[in-house]
Structures are given as structure tokens and as C-alpha cells.
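Trainee: Here is a sequence with its predicted model. Questions after.
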Amino acid sequence: MKIVISIYRKLLRLEFWRWKHVNYPVLGLFAIILVWDTAAQIFLKIGVSSHGKFPTHSINAMGAYLATIAAEPMIWLGALALILAFITWLAIIARIDLSKAHPATSFSYVTVTISSAIFLHEVISPLQISGIILIIFGIYLTSE
């Protein structure tokens, strides 16, 4: 109950909108990791889209599929973006508590969903929009 009252008081005082305790270098690193992670997901999706579904019926079929997509430039761009995201992640967790850093990475659910709509022409449902709002609110709550 104390938590609910604390959130209520903070919202009443509009602390949610104040930027008095912002660590700008870390905020910049979070922006960078979101770009890398979102780009990686879009590149990987584009890379596998023309090759159909991942086969799970046999090891040989899986190997053949992996060999085929290994020649895709978008797969390599996605892998590079994941490596850069990993390096950025190390820089973030070297600066702040993991308990605050990790929940903030959930914002990638928001950026990937929006980017999928823009670049892959996927449809975002009202339920997904509700989920995005909940994720943003959850990130705020865990950052306190």
C-alpha cells in the first residue's frame, strides 16, 4: 500500500516529468543500445523472411536452413548490431545497478514494435498499444 501511495504522490507532484536526477551519459547509452537492438531485430527478420519457416523436423534440415541464411547480408548486419548492443550493454552495467538497468531494456519491446510497423508494415493492434503503455509505466516504476 505504501508503494501505491508513493506513486500517487509522485504523480500528483508531477515528478514523473522532471529530469532532475538524470544521468545523461547513461541515458545516451540506453538510446544507443535501443538503436542497435531494434536494428538487429529488423535486420534479422528481413534476412530470414525470404527463406520461409525454420525447419524443426530434422537436424539436417536445420543445418541446411542455417547454411542458406548464413549467406544473407542482413543476417550479418543483424549479428553485428547484436555485438554492438552487447558492448553498449557492458558499458551501461559498468555504470549503474543491474536492477535498474535491466528493466529499462524492456523499452526495446516498444521500439521493435513501432519499427516493425514502420519498416515491415506489420499491424499494431490496440492490445499491443495497451501493452506498450504498460511497459513504459513499468519501466518508470522500476527506475525509482
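Mentor: Received it, and whenever you're ready, just let me know what you need.
Trainee: okay, and for this structure, where does confidence drop off?
Mentor: Residue ranges of the chain with pLDDT under 70: 1-22, 143-144.
Trainee: what are the ranges of the helices in it?
Mentor: Ranges of helices in the chain, per DSSP state H, are 2-12, 24-49, 59-69, 73-93, 98-104, 107-119, 126-142.
Trainee: Using TSV, please lay out those together with mean neighbour count.
Mentor: Just so you know, the C-beta spots here come from the backbone N, C-alpha and C atoms, and that holds for glycine as well. Below are these laid out as TSV (neighbours: other Cβ atoms under 10 Å):
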stretch	mean neighbour count
helix 2-12	10
helix 24-49	18
helix 59-69	12
helix 73-93	16
helix 98-104	14
helix 107-119	17
helix 126-142	13
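Trainee: Can you tell me the centre-most residue of the protein?
Mentor: Ser108 (1.8 Å; Cα atoms, centre = their mean).
Trainee: That residue reaches Ala40, doesn't it?
Mentor: No. Shown here, Ser108 and Ala40 do not form a contact pair, counting by Cβ atoms under 8 Å, at 9.6 Å.
Trainee: Spit out the contact partners of the residue sitting furthest away from the middle of the chain.
Mentor: For the chain, the residue at maximal distance from the C-alpha centroid (Cα atoms, centre = their mean) is Asn60, at 32.2 Å. By Cβ atoms under 8 Å, 6 or more residues apart in numbering, the contact list for Asn60 is empty.
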